[in-house]
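In: got a predicted structure here, sequence first:
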Amino acid sequence: MAAAPRRVTVVSPRTTAARTRRVAVTEEIDEQTGVGDAFMRSLIRSQLRLGLLVLAALGVVVGLLPLLFVVAPGVRNSEVVGVPLAWVVLGFLVYPVLVALGWFYVRHAERTERDFAEMVERE
């Protein structure tokens, strides 16, 4: 009778190699490493860009009203139901614009933060 073949264990040669631990992006941010700082700077930059965009829109809408009243004397002297048009515009019509700009800002800021959180979780 022939002897049974000897059992052989097959092992990957890489088992002795140093294993690299993949660091999560959230850890990078928490530990304030260079990568985490880059991620946070990108979030802050996009929020700053959005804030400046809304501020510029507000400046254009509200800032041009006095210029309109100075340049167009017919508009300045107009009245709506006995109330000067400038008062109507500044007292009533500006507020829906402010609400719309606020809604736009909040909606886009939340979307930016949600996209950032998804990117961090995905990495």
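Out: Thanks, I have it.

In: ok, residue 69 - contacts?
Out: 75, 76, 86 (Cβ atoms under 8 Å, 6 or more residues apart in numbering). C-beta: built from backbone N, CA, C; applies to glycine.

In: ah, wrong one, I meant residue 45
Out: Contacts of residue 45 (Cβ under 8 Å, 6+ apart): none.

In: per-residue confidence averaged over the helix or strand encompassing residue 39?
Out: Using DSSP states H and E, residue 39 sits within helix 34-71. Average pLDDT, helix 34-71: 88.

In: and what of stretch 81-96?
Out: Here the average pLDDT along stretch 81-96 is 85.

In: gap between the two ends of that stretch?
Out: End-to-end distance for stretch 81-96, by Cα to Cα, to the nearest Å: 20 Å.

In: mind listing what's buried along it?
Out: 85, 86, 89 (16 or more other Cβ atoms under 10 Å).

In: quick one, what contacts the first one?
Out: Shown in contact with residue 85 (Cβ under 8 Å, 6+ apart): 75, 76, 78, 79.

In: 6 Å instead, please
Out: residue 78 (Cβ atoms under 6 Å, 6 or more residues apart in numbering).

In: do the same with the second one
Out: Counting by Cβ under 6 Å, 6+ apart, residue 86 makes contact with residue 69.

In: tally of neighbours for residue 104?
Out: 14 (other Cβ atoms under 10 Å).

In: and for residue 108, nearest residue in space, chain neighbours not counted?
Out: Distances taken as Cβ to Cβ, 6 or more residues apart in numbering put residue 50 closest to residue 108, at 5.4 Å, once the chain neighbours are dropped.
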